[in-house]
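S.K.: what's the 3D shape of this:
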Amino acid sequence: MTDTTLSEALKEAYASAPSDVILLHTLELRHPTFVDDYGNSTAIRVVRDHVSHTCTLENSAPLNPGEAVEFVAMAFDLELPPVNNTPTPEISVTIDNVSTEMIAYLDRAIETQDMIELTYRPYLSDDLTTPQMDPPITLVITDIHVDCYKISATARMMDIGNKSFPSENYTVKNYPGLTR
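M.R.: Residues are numbered from 1 along each chain as shown. Below is the predicted model:
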């Protein structure tokens, strides 16, 4: 998948499964149309728990790097891809009991051509100062269905096999010497 490094604390939690430390799964959804009341870029951040948590993002986060941000308690489910040789692994995400505010953000995003990015970060309940995976997994949502009860989405890794190289387009506007 990606070259992701798990922290020693997370490896220990996976190996020993201590009863007093809970693995907190978080999701962050980002899109250029997600802005707050002041016009600043924002994200939808949820944690799979019954209470909200304030967690510190990694220093390389696209929004609010190194800052403590709130992840709102919400029921969601991740369905990881099967172990096979598919070229671009996909995951399924279902978020239940969505708010009207979240639906409004997604309605605006669906009307554009820009992709919604999804970042998965695991935290340990006894250490909310940093995600336990560096870098966290970032995917793009390729299919999304929204209704008043839930959001169902399919996300995948960026399809770098179909990305043009070099990624710069040689146009007359950028390179006037191309015209005669």
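
S.K.: partner strands of the strand ranked longest in the chain and their direction?
M.R.: As assigned by DSSP state E, the longest strand anywhere in the chain is strand 23-35. Strand 23-35 has its sheet partners listed here by DSSP bridges as strand 41-47 (antiparallel), strand 116-124 (antiparallel).

S.K.: gap between the shortest one and the chain center?
M.R.: Spelled out, it's strand 41-47. Averaging C-alpha positions (C-alpha atoms, centre = their mean, to the nearest Å) puts strand 41-47 9 Å from its chain's average.

S.K.: find the nearest non-adjacent residue to residue 64, please.
M.R.: Excluding the flanking residues, the one nearest residue 64 by C-beta to C-beta, 6 or more residues apart in numbering is residue 57, at 5.7 Å. Just so you know, the C-beta spots here come from the backbone N, C-alpha and C atoms, and that holds for glycine as well.

S.K.: and residue 105, by the same measure?
M.R.: Spatial nearest neighbour of residue 105, excluding adjacent residues (C-beta to C-beta, 6+ apart): residue 34 at 5.3 Å.

S.K.: the one you found touches residue 42, doesn't it?
M.R.: Yes - using C-beta atoms under 8 Å, residue 34 is in contact with residue 42, at 5.2 Å.

S.K.: hang on, the earlier thing: any idea which of the strands paired with strand 23-35 gets closest to residue 154?
M.R.: Residue 154 lies closest to strand 116-124 among the strands paired with strand 23-35, at 10.2 Å (C-beta to C-beta).

S.K.: for the following helix or strand past that closest one, packing partners?
M.R.: For strand 116-124, the following helix or strand on the C-terminal side (DSSP states H and E) is strand 133-134. Secondary-structure packing of strand 133-134 (3 or more C-beta pairs under 8 Å, 6 or more residues apart in numbering; DSSP states H and E): strand 5-6, strand 116-124.

S.K.: which residues does residue 79 contact?
M.R.: Counting by C-beta atoms under 8 Å, 6 or more residues apart in numbering, residue 79 touches 91, 92, 93, 94.

S.K.: tell me which element the first one is part of?
M.R.: Using DSSP H and E, residue 91 sits within strand 90-96.

S.K.: tell me the gap between that strand and the middle of its chain.
M.R.: The chain centroid and the centroid of strand 90-96 are separated by 11 Å under C-alpha atoms, centre = their mean.
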